[in-house]
Every structure is written in structure tokens, then in C-alpha cells.
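Undergrad: Below are the sequence and a predicted model; questions follow.
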Amino acid sequence: MIINSDINIIGSIPDYHLIYSAIPLLSTNQIDLEKMLVENNEFNFRTEKSRKRFLSALNSAFISKNENVNDLTAALIVYLKNDETSRAILLFWIFSINNKLFFELNKDVFLKYYFQGRAELPKETVIAYIKDLISKNNELKGKWSEITVNTIASKYLTILKKLHLLEGNQKKRFCHVKISDELLAVFIHLIGLLESKKSNFLEDELIAFTFISKDIILERLKKIGKKDWIKMNYTGTSLNVEASFNTNNIINGIYRRA
């Protein structure tokens, strides 16, 4: 997956309800979405160029090559319209899956600090990580200026704030994130759709994206396993988990049984 600067565009979107409104149309009705966004300017962007840029970034950030992932995302965004927190977490997961830089920053910086119990996430730490990433990636060397790196770091922190994962203005402080049983079951279903899924969930780097520590995750999974929302097999060293429902009926299977 190529590293790009989509973080800048997504971080510049003033109201994430625009994203929530657009996602259900991204994979099912691009014509109507383009008409709403570009022709009619229903999202109130100043120029046609910015509208097209927004549409392109949405497709890059939130549309997967896997249609099941897109179907699941669209259905949940609509169903969870009154649950801002869960929709924000879902957006965090989908953007992480689709954008390499966002994924790496979350894995190696944000979530690392979160599990260490740090109080704040300094912008300087994000900048240092991006610069180190550039130094190790020949395709990025000389591509991004100091200003670009600084902007990406700022927009990255802005995204996390808009997703209710950080708070504060000058200094960004960590928010406590609580993942519901229903959302955890959705996460298991989501990663089960990915080709990169590890057979042993305990070794999968995506496990950190549950915001649940490894010493607690097993008990949480056992709990939702008893509700028949997931299937799991634990041998003492290896944990295999999979969803009990397919993409089309996961909402009926989990949320309407809760």
C-alpha cells in the first residue's frame, strides 16, 4: 500500500457528519453523491476543486477493494446514526485499514502511547515519527517538505480529536475509549474480511485497535462468545476468532439481539 497525504484532506473536513452522510453513497451511488457534492454543493465547499478533492479523498480513505467491508461500513454508519462514539470508532478502523500512514501512526505512536498510559500525545512525537518513516522509505525521500510534514502531523492530531480519541487545543490529551461488546463483535467481523488477518489473533497487530489490553481481551471475547456473536477457539497460546454472522445480517444478529 502506497503512503499518501490523505490525512491532510480528511483532517481539513470541518464537520465529520459530512463523511457519515457520504459513506453510504460511496460504494452504492457515486453518481448521486457526485451530484450532491460537486454539482449542487450540498456540503457547502467553497470551490469545485475542493469538492472534487474531498470526493477523491473519501474514496481513497473509506472505500475498500473488498465489497463486504464497504457493505458493512455503509450499513453500520446508517444504523448507528444516533451513536456518535461508535461511528467515530468505525471511521477510525476503516481509515486505518485503507491508509498506510494513518495505520502506521496509530499503531506505532497513538496506540503505543495510549497503552502506556501517557496523558498527552505531543505533535513533536508525530513529526519525529514521520521524518523517521521518510528516512527509511526511498519513495518518500525528498517528496515532503518540512511544512508538509508539519501539516500532516497537525491534521493527524485533528482527526483523532474529531473522532473523540484526543481532546484539548494546544496540548492533545488522550480520551478514555470504551469499546462496547457489540462494537467488539463488529471488529472481529471486520478483520475477518481482511486478507491480512492472522490465524492467531493474539499475534495480530490489529489487536491493539480494540483499545483493550491483551490481559483483558480474552475475557471480553469469551463474554460475547457466550452471546453467540462470535466463534472462538483458544488453546492457551493461540486464539482463533471469527464472526457468527455474515455482512448482510450482522446488524440483526448483534445489535437487535442485544
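TA: Received, thanks. Residues are numbered from 1 along each chain as shown.
Undergrad: State the number of residues packed around the closest residue in space to W229 that isn't next to it in sequence.
TA: Nearest residue to W229, sequence neighbours excluded (CB to CB, 6 or more residues apart in numbering): A185, at 4.1 Å. Glycine gets a C-beta too; all of them are placed from N, C-alpha and C. A count of nearby residues for A185, using other CB atoms under 10 Å, gives 27.
Undergrad: Mind listing what's buried along the helix or strand that contains A185?
TA: Under the criterion of DSSP states H and E, A185 resides in helix 181-192. Within helix 181-192, the residues scored as buried using 16 or more other CB atoms under 10 Å are D181, E182, L183, L184, A185, V186, F187, I188, H189, L190, I191.
Undergrad: And the first one, how close does it get to E219?
TA: Shown here: D181 relative to E219, a distance of 12 Å by CB to CB, to the nearest Å.
Undergrad: what's the lowest-mean-pLDDT helix or strand in the chain in contact with?
TA: When each helix and strand of the chain is scored by mean pLDDT, DSSP states H and E, helix 30-34 comes last, with a mean of 79. Applying CB atoms under 8 Å, 6 or more residues apart in numbering, the external contacts of helix 30-34 come out as A22, L25, L26, L55.
Undergrad: Quick one: name whatever helix or strand follows that helix.
TA: Helix 30-34 is succeeded, C-terminally, by helix 48-62 (DSSP H and E).
Undergrad: residues contacting S64?
TA: Neighbour list for S64: N70, T73, I94, I97, N98 [criterion: CB under 8 Å, 6+ apart].
Undergrad: Over to I188?
TA: I188 neighbours (CB under 8 Å, 6+ apart): L221, I230, V241, E242, A243.
Undergrad: Give me the pLDDT value at F103.
TA: Model confidence at F103, given as pLDDT, is 97.
Undergrad: Pull the helix or strand encompassing it out as PDB, backbone CA atoms only.
TA: Per DSSP H and E: F103 is located in helix 100-105. Only the C-alpha atoms of helix 100-105 are listed here, as PDB (Å, rounded to 0.1, in the frame of the first residue of the first chain):
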ATOM      1  CA  LYS A 100      -1.000   3.100   5.400                       C
ATOM      2  CA  LEU A 101       0.300   6.300   7.000                       C
ATOM      3  CA  PHE A 102      -2.700   6.600   9.300                       C
ATOM      4  CA  PHE A 103      -2.300   2.900  10.200                       C
ATOM      5  CA  GLU A 104       1.400   3.200  11.000                       C
ATOM      6  CA  LEU A 105       0.900   6.300  13.000                       C
END
